[in-house]
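>>> Structure, please.
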Amino acid sequence: MANLRHILVVRLSAIGDIAMLVPVLQTFTKTYPHVKITVLSRPFVKPFFENMPNVSFFAADVNGIHKGIRGIYKLYKTLKDFHFDAIADMHNVIRTKILRSYFRFYDLKMVKIDKGRKDKRALTRPENKVFKPLERTHQRYADVFEKLGYPIDLYTHKFPERAPVSEKVSAFLKRHDIDLKRHTLIGIAPFAHYNSKSYPLDLMKEVILTLAKQPNLKLLIFGGGRKELTLVKNMIEGIDNASNVIGRIPFKEELNLIAQLKLMVSMDSANSHLAAMLNVKTVTLWGATHPYAGFLPFRHPLSSCLIPDLVKYPKLPSSVYGNVVVKGYEDCMRSILPQTVVAKVLENLK
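Prediction:
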């Protein structure tokens, strides 16, 4: 085992990838309580790492003072005074490569994540696919620590106790006539960064209509921004037992609300990982992407995933992130029937 005292862990985006880092750090801090961790990431994810022993947070303002090469140099000038023994680059993009280069004259160990790009290209190419499950991102993070001399076993991970309901969340629940003792809460996050990963809203409305009729179920719809807010309002208008969360409470309180859910229905998007890091079951719907690429929510089996008809759409997955769509595959998620989604939800509520 190495003799490191302070490790800088770098992951600047995206929110789902940062959320996947949480159970890895929880396992690390339990295994090596004498090692200090500083997480370098975007300011809004600071709540992810609060109350985590031996973990501090440094906010990178990549759109402000830390933007561009000069900004990264300013960031380096600040970070070098922390006297890190090692850097764990969990991102390995141009910005973090530049940051690492400034530390190259210091006596510290630096390890970057292996993203498995070659295997992911083989999985997503349209012809001659190598269709097999790849290493999950959580394990890729753990592999970085192992290369630093600190192996961890993610199977030993234990979730912390669920946070009590905050005052703001309690007020939100009261406004929507939700009693946690009487009602089962299901979150639904119908959006993703790319349309190729978003279940058609007309089908999602069928799912919501059916679930809303189940006894003692309350549905909470998650998303972000004005466009999604308008879509959600139109989708759930007139549906009892379905409530909009978008813009109603701050992000930190939203995490507290997610922690109270029994289950989250999500696309291959951040909300699935937010739920998983809070020990909430998820049912995920996949379109142009596939769980084999390694982005399954933490501790969730393949059976929790719903994917399009691969006989009808054999070139899937076409992308790791959802930014590549095969012509004629635009409606592939319509092969996931609403009754299939409802059945999977009810199965996971048992």
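>>> which residue of this protein sits farthest from its center?
What lies farthest from the middle of the chain is F105; by C-alpha atoms, centre = their mean that is 34.5 Å.
>>> Could you check how far that residue is from V144?
Distance of F105 to V144, computed by C-beta to C-beta, to the nearest Å: 22 Å. Every C-beta, even on glycine, is put in place using the N, C-alpha and C of the backbone.
>>> for I65, same thing?
With C-beta to C-beta as the criterion, I65 and V144 are 27 Å apart.
>>> and if you look at T184?
Separation of T184 from V144 (C-beta to C-beta): 38 Å.
>>> more crowded one of the two?
Applying other C-beta atoms under 10 Å to T184 and V144 shows that V144 carries more neighbours, namely 22 against 15.
>>> Tally up the residues packed near the residue lying closest to M333 once chain neighbours are set aside, please.
The shortest distance from M333 to any non-neighbouring residue, by C-beta to C-beta, 6 or more residues apart in numbering, is to G287 (4.5 Å). Neighbours of G287 under the rule other C-beta under 10 Å: 32.
>>> Surely G287 touches K197?
Yes - if you go by C-beta atoms under 8 Å, G287 and K197 touch, sitting 4.8 Å apart.
>>> any common contacting residues for these two?
In terms of C-beta atoms under 8 Å, 6 or more residues apart in numbering, G287 and K197 are both contacted by the residues 267-268, 322.
>>> Restricted to buried residues, select those in PyMOL.
To isolate the buried ones among those in PyMOL, judged by 16 or more other C-beta atoms under 10 Å, type:
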select buried, resi 267+268+322
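>>> Output the shared contacts of G287 and K197 as a markdown table; include the columns secondary structure, distance to F295 and pLDDT.
Output for the shared contacts of G287 and K197, formatted as a markdown table (DSSP: H, G, I helix; E, B strand; the rest coil; distance: C-beta to C-beta, whole Å; pLDDT from 0 to 100):
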| residue | secondary structure | distance to F295 | pLDDT |
| --- | --- | --- | --- |
| M267 | strand | 11 | 98 |
| D268 | coil | 6 | 98 |
| G322 | coil | 10 | 96 |
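>>> closest to I239 among the shared contacts of G287 and K197?
When the shared contacts of G287 and K197 are compared for distance to I239 (C-beta to C-beta), M267 wins out at 20.1 Å.
>>> Checking F57 next. Helix, strand or coil?
On the three-state scheme (DSSP: H, G, I helix; E, B strand; the rest coil), F57 is labelled strand.
>>> Can you give me the neighbour number for it?
By the criterion of other C-beta under 10 Å, F57 has 17 neighbours.
>>> Identify the bridge partners of it.
V39 (DSSP bridges).
>>> Go ahead and confirm I69 touches K97.
No - under the criterion of C-beta under 8 Å, I69 is not in contact with K97, lying 11.4 Å apart.
>>> So the two - more neighbours on which side?
Just comparing I69 and K97: by other C-beta under 10 Å the higher neighbour count belongs to K97, 13 against 10.
>>> who's in contact with that one?
89, 112.
>>> Could I get the buried residue list for the helix or strand where it lies?
Assigned by DSSP states H and E, K97 belongs to helix 94-102. Judged by neighbour count (16+ other C-beta under 10 Å), helix 94-102 contains these buried residues: 95-96, 98-100.
>>> Check stretch 125-135 too.
Of the residues in stretch 125-135, L134 count as buried by neighbour count, 16+ other C-beta under 10 Å.
>>> average pLDDT for it?
The average pLDDT for stretch 125-135 rounds to 97.
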